[in-house]
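Trainee: Structure here, sequence nowhere to be found:
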């Protein structure tokens with residue numbers, strides 16, 4: 001049984017779709033690397049942390065959404081006999097996505113606290 005170019009392209013597309021959430025998680029790792037690089041360059045940690053939490057949170061939330069919703073939707077869009085559900089109930093992906101949303105909220109809270117501190121320091 002020989003594979004034709006259509007089968008090979010379909011298999012390659014399936015592999016890319018299956019690994020799509022990994023791209024979001026790699027973005028999170030890259031955000032951590034950038035923050036450590038800036039920290040090594042002498043930047044202040046308390047100023048870097050809100051931005052890191054936001055970028056990392058977006059990456060984790062995006063990976064969770066991609067794993068639960070985007071991957072099944074793209075699989076359904078592929079031609080052929082493969083049909084699947086509209087969403088994939090994966091508790092670990094849902095937990096990672098929710099942890100990402102929590103990081104976004106915490107990053108925003110830390111940014112607001114830093115802004116308030118700077119404003120209060122201006123009064124003194």
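Mentor: Looks like it arrived, so ask away. Remember, it's a predicted structure, so these values are computed and weren't measured experimentally.

Trainee: Identify the residue spatially nearest to the residue most central in space within the chain, adjacent ones excluded.
Mentor: The centroid of the chain falls nearest to residue 59 when counting by Cα atoms, centre = their mean (2.0 Å). Distances taken as Cβ to Cβ, 6 or more residues apart in numbering put residue 28 closest to residue 59, at 3.3 Å, once the chain neighbours are dropped. For glycine as for every other residue, the C-beta is placed from the backbone atoms N, C-alpha and C.

Trainee: Please give the number of neighbouring residues around that neighbour.
Mentor: 22 (other Cβ atoms under 10 Å).

Trainee: my guess is it meets residue 54, correct?
Mentor: No. Counting by Cβ atoms under 8 Å, residue 28 stays clear of residue 54, with 11.2 Å between them.

Trainee: what's the helix or strand for the residue nearest to the centre of the chain?
Mentor: Here residue 59, judged by DSSP states H and E, is contained in helix 45-65.

Trainee: counting contacts, what elements does that helix pack onto?
Mentor: Helices and strands touching helix 45-65, by 3 or more Cβ pairs under 8 Å, 6 or more residues apart in numbering; DSSP states H and E, are helix 20-40, helix 91-123.
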